[in-house]
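**Student:** take this sequence and fold it.
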Amino acid sequence: MIPIAAEAQLKNLLAEDLGFCDITSHLLGEEKGSSHIIAKEDCILSGLAHVKYLFELRGLHVTLFFKDGAKAKKGDTILEVSGLYRNMFEVERTALNLLTRMSGIATETNKLTKKVKKVNPSCRVAATRKTVLRLFDKEAVITGGGDPHRFRLDDMVLLKDNHIKILGIEEALKRAKEVSFSKKVEIEVSEKEDAVKAVEYGADIVMLDNMTPEEVKNTVKTVKKINKNTIIEASGGITEETIQAYAEAGVDIISLGYITHSVKAVNMSLEVSL
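**Tutor:** Coordinates of the predicted model:
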């Protein structure tokens with residue numbers, strides 16, 4: 001079962017590519033058979049239920065050989081699809097685009113999570129709202145062992161630099177606390193002094209943006225002395241090469257935009273079985 005919101009988006013993705021019909025594959029007439037999606041490199045799989053749904057929209061039968069979150073190796077057969085070839089090829093590119101993107105995100109997230117857990121078992125890798133296919137990108141992050149962070153703007157209050165420029169830290173947090181008892185309040189800062197102010201004025205989460213690992217480490221120590229329950233997030237320009245240094249600094253969350261906006265899709269192909 002996939003979410004209703006996902007169903008609507010999947011139908012739109014397929015309709016966008018298909019148009020009125022695939023005028024090339026229509027030439028195949030009533031020819032039937034089967035095809036397989038093959039992994040061309042090792043990866044963590046994500047998006048299989050969505051791909052199955054896409055093929056089934058065109059009356060095709062799908063057999064999955066893996067589950068989301070499983071590790072596939074180069075050469076593994078991920079799934080089999082059978083039915084009319086023309087319908088198969090109508091779905092092929094939409095299905096592969098989604099599966100390879102989601103698996104790429106899950107694979108990268110899984111790799112980063114393992115690196116972080118080695119040095120800070122309680123630290124979590126999180127995504128941002130810098131996404132392309134929001135619902136599917138966030139799901140892939142979860143599949144890879146990461147945290148989705150905010151799905152939407154109404155999930156929690158996140159005071160960023162422009163909000164603070166207009167209102168200031170104290171007034172921004174005062175207004176944020178009046179939004180709802182059910183919503184956490186996070187504030188973005190780039191200096192230790194502002195992090196201290198944020199905690200003193202009641203922020204639930206403090207995001208340390210574009211600070212060095214050493215600056216983050218010093219800030220974490222100070223903030224936790226004031227309130228050990230404050231959640232501290234590091235963000236801004238963090239890469240695979242630097243992520244462990246930020247984890248070692250003692251933060252609770254490390255968020256990275258690139259795992260959804262710049263990640264490399266996994267290489268897969270659909271191959272006809274004759």
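**Student:** so how far is residue 39 from residue 246?
**Tutor:** 31 Å (C-beta to C-beta, to the nearest Å). (Glycine included, C-beta is placed from N, CA and C.)
**Student:** the two - which one has more neighbours?
**Tutor:** Higher neighbour count among residue 246 and residue 39: residue 246, with 26 against 23, using other C-beta atoms under 10 Å.
**Student:** is the more buried one part of a helix or strand, or is it coil?
**Tutor:** The three-state label given to residue 246 by DSSP: H, G, I helix; E, B strand; the rest coil is helix.
**Student:** any idea which element the nearest residue to it once chain neighbours are set aside lies in?
**Tutor:** Nearest in space to residue 246, with sequence neighbours left out and distances taken as C-beta to C-beta, 6 or more residues apart in numbering, is residue 234 at 4.6 Å. Secondary structure assigned from DSSP states H and E places residue 234 in strand 231-235.
**Student:** spatially nearest residue to residue 33, not counting backbone neighbours?
**Tutor:** Per C-beta to C-beta, 6+ apart, closest to residue 33 is residue 85, 5.8 Å.
**Student:** need the contact list for residue 146.
**Tutor:** By C-beta atoms under 8 Å, 6 or more residues apart in numbering, the contact list for residue 146 reads 109-110, 112-113, 124-127, 259.
**Student:** tell me the spacing between it and residue 256.
**Tutor:** Counting by C-beta to C-beta, the gap from residue 146 to residue 256 is 9 Å.
**Student:** then residue 115?
**Tutor:** From residue 115 over to residue 256 (counting by C-beta to C-beta), the distance is 12 Å.
**Student:** now do residue 184
**Tutor:** Taking C-beta to C-beta, one finds residue 184 at 20 Å from residue 256.
**Student:** Provide a list of residues in contact with residue 265.
**Tutor:** For residue 265, the contacting residues are 97, 100-101, 103-104, by C-beta under 8 Å, 6+ apart.
**Student:** please redo it, this time with the cut-off set to 6 Å
**Tutor:** 100-101, 104 (C-beta atoms under 6 Å, 6 or more residues apart in numbering).
**Student:** tally up the residues packed near the closest residue to it other than its chain neighbours, please.
**Tutor:** Closest residue in space to residue 265, ignoring its immediate chain neighbours: residue 100 at 4.0 Å, by C-beta to C-beta, 6+ apart. Using other C-beta under 10 Å, the number of residues around residue 100 comes to 22.
**Student:** I'd like to know how far residue 100 sits from residue 185.
**Tutor:** Counting by C-beta to C-beta, the gap from residue 100 to residue 185 is 37 Å.
**Student:** more neighbours, residue 184 and residue 256?
**Tutor:** Taking other C-beta under 10 Å, residue 184 and residue 256 do not tie; residue 256 has more neighbours (28 against 14).
**Student:** could I get the pLDDT score of the more buried one?
**Tutor:** Model confidence at residue 256, expressed as pLDDT, equals 95.
**Student:** can you pull the contacts of it?
**Tutor:** Per C-beta under 6 Å, 6+ apart, neighbours of residue 256: residue 238.
**Student:** which residue is the nearest non-sequential neighbour of residue 250?
**Tutor:** residue 220 (4.3 Å).
**Student:** list the contacts for the one you found?
**Tutor:** With C-beta under 6 Å, 6+ apart, residue 220 has these contacts: 232, 249-250.
**Student:** how about it, secondary structure?
**Tutor:** helix.
**Student:** how near is it to residue 112?
**Tutor:** 20 Å.
**Student:** and what of residue 219?
**Tutor:** In terms of C-beta to C-beta, residue 219 sits 22 Å off from residue 112.
**Student:** and if you look at residue 9?
**Tutor:** Where residue 112 is concerned, residue 9 sits at a distance of 26 Å (C-beta to C-beta).
**Student:** between those two, which has more neighbouring residues?
**Tutor:** residue 112 (24 against 17).
**Student:** helix, strand or coil for that one?
**Tutor:** Assignment for residue 112 (three-state DSSP): helix.
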